[in-house]
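Enquirer: Take a look and give me a structure for this.
(one chain, ligands or ions: 1)
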Amino acid sequence: MKIAVTSASGQLGSSIVKHLIAEIGAKNVIGIARTPEKAAHLGVEIRKGDYNNPQELELALKGIDAVLLVSGMDEPQKRIQQHRNVIEAAKLNGVKKIVYTSIVGAEENNAFSPIVQTNRQTEEDIKVSGLEWVIGRNGIYIEPDLEYIDTYLKEGEVRNCAADGKCTYTSREELGFAYAKMLVEEKHNGNTYNLVGNAITQTELVSFINQEFNTNLVFNSVSVESYLAERKAALGDFIGTVIAGIYAGIKNGANDVPSDFEKAAGRPHISTLAMMENFKKKM
Ligand SMILES: NC(=O)c1ccc[n+]([C@@H]2O[C@H](COP(=O)([O-])OP(=O)(O)OC[C@H]3O[C@@H](n4cnc5c(N)ncnc54)[C@H](OP(=O)(O)O)[C@@H]3O)[C@@H](O)[C@H]2O)c1
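Expert: Below is the predicted model of the structure:
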């Protein structure tokens, strides 16, 4: 069985490749990358595949039994067609199964919703593709918060607009483990899974960071409007709006969802503290 993973040069794609190698061996795993040289270290065959290039994708999926489609990074309206390019290339090559990395989140009412909507459209496109399918809805990665600790320390606080909303964080490592199982095990076909860990507030997140990284941070919540203005000024309109929308969603409960992780992975999701310990080991 040959399984291909798109965006293999990225952090999620490379985690899935690593866990797939453990399941089926390196010679059965193919990494597809827009920039192949960035995926060369993975120790598997790498084929070129830009989401904007149907011909490249068609060649990249030759002889493949199942493909993992990592959600794209482009602006919302471009993503739908990019994902369709992968789905069409899979159909043309007789690929039997597609697994898609979607996202947890509110489809309406916040600045992140347009991105969630494009992911839901791809979920629909996959369901009507005629291929066997599995969809994972990823929780928010915990790693960016941990990579940001130095900035939090400089600012003396963790500040966002999530108030006391709960968020089910996960990690790329946990997701990689689950997606490898979803690709190789037939029992997952036709399922949509929330791939998330425990639900915690920002106050709890900061308390775990303090415990694990020996810091003394506090959490301060600000209004959605002022956080949006602040993030846009710091990160530009697109990314700033996305980030503020994510925290507005957390405030409103969009990320407090039941977890299907154990069903997908065959074991429980690790704790928030354990994710932080694993992150520290890689620092
Ligand atoms: N759940 C969350 O908290 C969260 C947070 C951020 C993003 N996401 C989503 O999760 C996805 C994967 O995250 P990540 O951590 O792996 O991000 P990452 O490390 O930044 O990797 C992004 C990957 O997307 C690839 N890519 C970008 N445009 C492409 C195109 N036109 N065709 C083919 N590949 C393309 C990049 O290829 P190159 O190496 O060529 O640049 C890279 O491999 C993201 O794309 C985004 O949709 C989720």
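Enquirer: Where does residue 100 fall, secondary structure wise?
Expert: strand 97-103 (DSSP states H and E).
Enquirer: same check, this time on residue 243
Expert: Going by DSSP H and E, residue 243 is part of helix 237-251.
Enquirer: hmm, back to that, so which residues lie in contact with the strand holding residue 100, not counting its own?
Expert: Here strand 97-103 makes contact (C-beta atoms under 8 Å, 6 or more residues apart in numbering) with 12, 65-71, 83, 86-87, 90, 115-116, 119-120, 122-123, 126, 129, 131-138, 175, 179, 182-183, 189, 192. Using the backbone N, CA and C atoms, a C-beta is placed for each residue, glycine as well.
Enquirer: what's around the residue in the stretch 1-150 of the chain that the ligand sits nearest to, how many residues?
Expert: Per C-beta to the nearest ligand atom, residue 10 is where the stretch 1-150 of the chain lies closest to the ligand, at 2.4 Å. Residue 10 has 19 neighbouring residues, counting by other C-beta atoms under 10 Å.
Enquirer: Let me see the confidence value for it.
Expert: Residue-level confidence at residue 10 comes out at 98, pLDDT.
Enquirer: Which residues are in contact with the nearest residue to residue 45 once chain neighbours are set aside?
Expert: The spatially closest residue to residue 45, leaving aside those adjacent along the chain, is residue 30, at 5.0 Å (C-beta to C-beta, 6 or more residues apart in numbering). Counting by C-beta under 8 Å, 6+ apart, residue 30 touches 2-5, 44-47, 60, 64.
Enquirer: Now rank these by neighbours and give me the top one.
Expert: residue 5 (33 neighbours).
Enquirer: That residue contacts residue 15, doesn't it?
Expert: No: contact criterion C-beta atoms under 8 Å: residue 5 and residue 15 do not qualify, at 9.6 Å.
Enquirer: need the residues of the stretch 1-150 of the chain near the ligand, please.
Expert: 7, 9-13, 33-35, 38, 50-52, 70-73, 103, 138, 140-141 (C-beta under 6 Å from any ligand atom).
Enquirer: so residue 157 makes contact with residue 216?
Expert: No: between residue 157 and residue 216 there is no contact under C-beta under 8 Å: 10.4 Å.
Enquirer: who has more neighbours, those two?
Expert: residue 157 (13 against 8).
Enquirer: Surely residue 19 is in a helix?
Expert: Yes: Residue 19: assigned to a helix according to DSSP: H, G, I helix; E, B strand; the rest coil.
Enquirer: and it, how many neighbours?
Expert: Count around residue 19 with other C-beta under 10 Å applied: 23.
Enquirer: do you know how far it is from residue 61?
Expert: 20 Å (C-beta to C-beta, to the nearest Å).
Enquirer: before we move on, what about residue 108?
Expert: For residue 108, the distance to residue 61 - C-beta to C-beta - is 34 Å.
Enquirer: cool, and residue 117?
Expert: Distance, residue 117 to residue 61, by C-beta to C-beta: 26 Å.
Enquirer: Comparing those two, which residue is more hemmed in?
Expert: residue 61 (25 against 17).
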